[in-house]
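# fold the following, please.
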Amino acid sequence: MRLLILIALTIFPLLVPADCAQLAPARGVPAASDQTWALATLNLWRLRDDHKNSELDVPVSSVLLRARINAVAGFIVEELNAPHVLALQEVENQAVLDRLAERLAQRGYRYRSALREGNDPSGLDVAIMYRSPVNIGSVSALFSDQQFHGHALYSRPPLVVTLEAPLAAKVVVVHWRSARNLKKTWVHEKRQTQAALLANWVTMQTSPLIVAGDFNTTRDAGRFSDSYERFEQSGLLNLWSFLPEKERYSFRHRCRPQALDHIWVSPGLKTTVSKVAVSRGNAGRYDSLYGSQGVAPISDHDALVVYFSIKR
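Numbers count the residues shown, from 1 in each chain. This next block holds a predicted model:
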């Protein structure tokens with residue numbers, strides 16, 4: 001385990017290699033009722049396959065891949081009660097999604113999925129999985145060709161999915177640039193540019209919007225919050241506001257709680273939101289995460305879930 005922790009520290013230097021003290025007990029979220037459908041956002045902590053697909057790709061063993069797929073499927077079914085839509089971050093490719101969908105089908109839930117390869121040198125992307133009664137139409141990536149100082153502005157371009165049922169809307173899955181090296185001017189500028197570009201796009205849309213994912217930013221945290229505040233100008237409603245303040249976190253940075261994962265909706269959708277929930281059992285358990293290589297727990301992020309009413 002010590003070797004695994006040392007490797008993890010090399011890859012994730014901002015994290016602390018120990019489980020945090022006084023963590024909330026692990027808990028899942030409620031199942032959607034017959035009158036609602038659920039959408040969850042979840043960062044899957046580098047869910048990658050057992051093939052080396054790029055120079056910076058670090059494949060896992062076939063044994064570990066099977067274990068992680070089983071564990072992630074178990075978490076989705078048992079802790080999240082199989083949300084109808086999963087907005088996912090840090091998934092390597094469509095093949096991994098297909099394996100996850102196959103395992104979920106064995107658990108009784110038939111999901112479809114969509115992913116568009118992005119610009120991340122390590123090969124990680126954003127994706128969406130969905131099941132009945134959800135139907136989708138078009139799927140595309142936003143800003144995939146946009147440049148920033150000679151490189152891709154978005155390593156993981158936002159995924160835009162046209163939702164056709166149970167309501168007509170657009171779902172956008174997001175994973176913004178991390179705050180690593182935030183003191184460097186170019187890092188701050190890149191995060192701000194990502195936020196501004198997406199916020200401007202939002203203001204030009206006529207369809208209702210659901211924007212979900214790992215934004216790597218939160219409110220009231222100084223320079224770290226600048227991209228949050230810029231995106232807030234888009235006019236969307238942040239659904240953390242539906243939860244008590246003490247519950248408004250999905251991650252722990254050096255054991256301090258942070259709300260990095262967000263679900264934003266058009267103000268017109270507020271009346272369709274029946275409730276919001278957040279799971280517990282992932283964030284802050286670094287030693288367990290690294291020691292199990294993402295099997296128990298399956299991520300360093302908790303999942304944020306929204307339940308929408310189905311209009312009859």
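# ok, which stretches of the stretch 151-300 of the chain are strands?
Counting by DSSP state E, counting those that start in this stretch, the stretch 151-300 of the chain has strands at residues 151-152, 159-165, 169-175, 209-214, 237-238, 251-253, 256-258, 261-265, 273-278.
# please name every helix or strand in contact with the last one.
If I follow you right, that is strand 273-278. Strand 273-278 is packed against strand 304-309, with contacts defined by 3 or more C-beta pairs under 8 Å, 6 or more residues apart in numbering; DSSP states H and E. In this view, the C-beta of every residue, glycine as well, is placed from N, C-alpha and C.
# in the sheet, which strands lie alongside the strand it packs on, parallel or antiparallel?
The strands that strand 304-309 pairs with in its sheet are strand 36-47 (antiparallel), strand 273-278 (antiparallel) (by DSSP bridges).
# contacts for it?
With contacts defined as C-beta atoms under 8 Å, 6 or more residues apart in numbering, strand 304-309 is touched by 29-30, 32-33, 35-41, 80, 83, 166-167, 210, 212, 239-240, 250, 261-263, 265, 269, 272-279.
# please look at residue 293 and residue 61 and confirm they touch.
No. Counting by C-beta atoms under 8 Å, residue 293 stays clear of residue 61, with 9.2 Å between them.
# okay, buried residues for the strand or helix carrying residue 102 please.
Using DSSP states H and E, residue 102 falls within helix 94-106. The neighbour-count check on helix 94-106 (16 or more other C-beta atoms under 10 Å) flags 94, 96, 97, 99, 100, 101, 103, 104 as buried.
# what are the boundaries of the helices in this structure?
With helices called from DSSP state H, the chain shows them at 2-11, 62-74, 94-106, 185-203, 226-232, 286-292.
# now tabulate those in TSV and tack on distance to residue 157 and mean pLDDT.
Listed next are the helices of the chain as TSV, based on distance: least, C-beta to C-beta, whole Å; pLDDT from 0 to 100:
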stretch	distance to residue 157	mean pLDDT
helix 2-11	23	42
helix 62-74	23	98
helix 94-106	15	98
helix 185-203	10	98
helix 226-232	16	98
helix 286-292	27	96
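# and of the strands paired with strand 304-309, who's closest to residue 202?
Among the strands paired with strand 304-309, strand 36-47 comes nearest to residue 202, with 16.7 Å by C-beta to C-beta.
# what is the rounded mean pLDDT of the closest one?
On average, the pLDDT along strand 36-47 is 98.
# with stretch 296-308 instead?
What stretch 296-308 shows for mean pLDDT is 98.
# still on that earlier bit, ok, residue 293 and residue 61, which is more surrounded?
residue 293 (18 against 10; other C-beta atoms under 10 Å).
# circling back: could I get the helices of the chain as CSV with distance to residue 218?
Converted to CSV, these look like this (distance: least, C-beta to C-beta, whole Å):
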stretch, distance to residue 218
helix 2-11, 23
helix 62-74, 25
helix 94-106, 28
helix 185-203, 12
helix 226-232, 6
helix 286-292, 19
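# out of those helices, which is closest to residue 25?
With C-beta to C-beta, the closest approach to residue 25 among those belongs to helix 286-292: 14.0 Å.
# for that closest one, name the packing helices and strands.
Contact partners of helix 286-292 among helices and strands, from 3+ C-beta pairs under 8 Å, 6+ apart: helix 2-11.
# now do 10 Å
Using 3 or more C-beta pairs under 10 Å, 6 or more residues apart in numbering; DSSP states H and E as the contact definition, the elements that helix 286-292 packs against are helix 2-11, helix 62-74.
# quick revisit: tell me the most buried of the strands of the stretch 151-300 of the chain?
strand 209-214 (a mean of 26; mean count of other C-beta atoms under 10 Å).
# neighbouring strands - and their directions - for that one?
In the sheet, strand 209-214 lines up against strand 169-175 (parallel), strand 261-265 (antiparallel) (DSSP bridges).
# pLDDT on the last one, on average?
If I follow you right, that is strand 261-265. Across strand 261-265, the average pLDDT comes to 98.
# same thing with the first one?
Throughout strand 169-175, pLDDT has a mean value of 98.
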